[in-house]
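Trainee: what's the 3D shape of this:
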Amino acid sequence: MGYALPEIKRKGWTALIKELGYAGATKFILLYETDEGNYTEERKRLFKGETIDKIYKDIKNRHV
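Mentor: The predicted structure follows:
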């Protein structure tokens with residue numbers, strides 16, 4: 001089957017979610033990330049001043 005790269009990516013992500021759930025699929029993908037940045041420091045900067053409750057509400061509102 002000759003799938004285009006975007007289709008392979010979508011099907012692969014769907015399969016990972018089906019088997020591992022969103023959190024597990026994300027962890028799997030992160031095993032293969034080649035980024036050279038500092039994940040922890042980037043998240044501290046990105047979410048500076050945010051609360052867990054606000055982040056949760058923002059995510060929940062996007063999925064309505």
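Trainee: going forward, measure contacts between C-alpha atoms and count neighbours the same way
Mentor: Will do.
Trainee: Show me the residue sitting in the middle of the protein in space.
Mentor: For the chain, the residue nearest the mean C-alpha position is Thr26 (4.9 Å; CA atoms, centre = their mean).
Trainee: Could you look up the SS state of that one?
Mentor: Under DSSP: H, G, I helix; E, B strand; the rest coil, Thr26 falls in the helix class.
Trainee: Repeat that for Thr34.
Mentor: Taking three-state DSSP, the label given to Thr34 is coil.
Trainee: Pull the number of nearby residues for it.
Mentor: For Thr34, the count of nearby residues is 7 (other CA atoms under 10 Å).
Trainee: Thr14 too?
Mentor: For Thr14, the neighbour count with other CA under 10 Å is 15.
Trainee: Could you say which helix or strand holds it?
Mentor: helix 5-30 (DSSP states H and E).
Trainee: tell me which residues in that helix are buried?
Mentor: 16, 25 (16 or more other CA atoms under 10 Å).
Trainee: pLDDT weak spots in this structure?
Mentor: Applying pLDDT under 70 to the chain flags the ranges 1, 33, 35, 63-64.
Trainee: hmm, 90 instead?
Mentor: Applying pLDDT under 90 to the chain flags residues 1-3, 5-6, 27, 29-47, 55-64.
Trainee: so how far is Gly2 from the residue nearest to the centre of the chain?
Mentor: Distance, Thr26 to Gly2, using CA to CA, to the nearest Å: 26 Å.
Trainee: again with Leu46
Mentor: 39 Å.
Trainee: These two - which one has more neighbours?
Mentor: For Leu46 versus Gly2, the count of surrounding residues by other CA under 10 Å is larger for Leu46: 10 against 6.
Trainee: got a list of what the nearest residue to Ile17 once chain neighbours are set aside touches?
Mentor: Among residues not flanking Ile17 along the chain, Ala25 sits closest, at 5.4 Å (CA to CA, 6 or more residues apart in numbering). Going by CA atoms under 8 Å, 6 or more residues apart in numbering, Ala25 touches 13, 16-17.
Trainee: Give me the neighbour count for Gly37.
Mentor: Considering only other CA under 10 Å, Gly37 is surrounded by 8 other residues.
Trainee: ok so, going back, distance of the residue nearest to Ile17 from Glu41?
Mentor: 23 Å.
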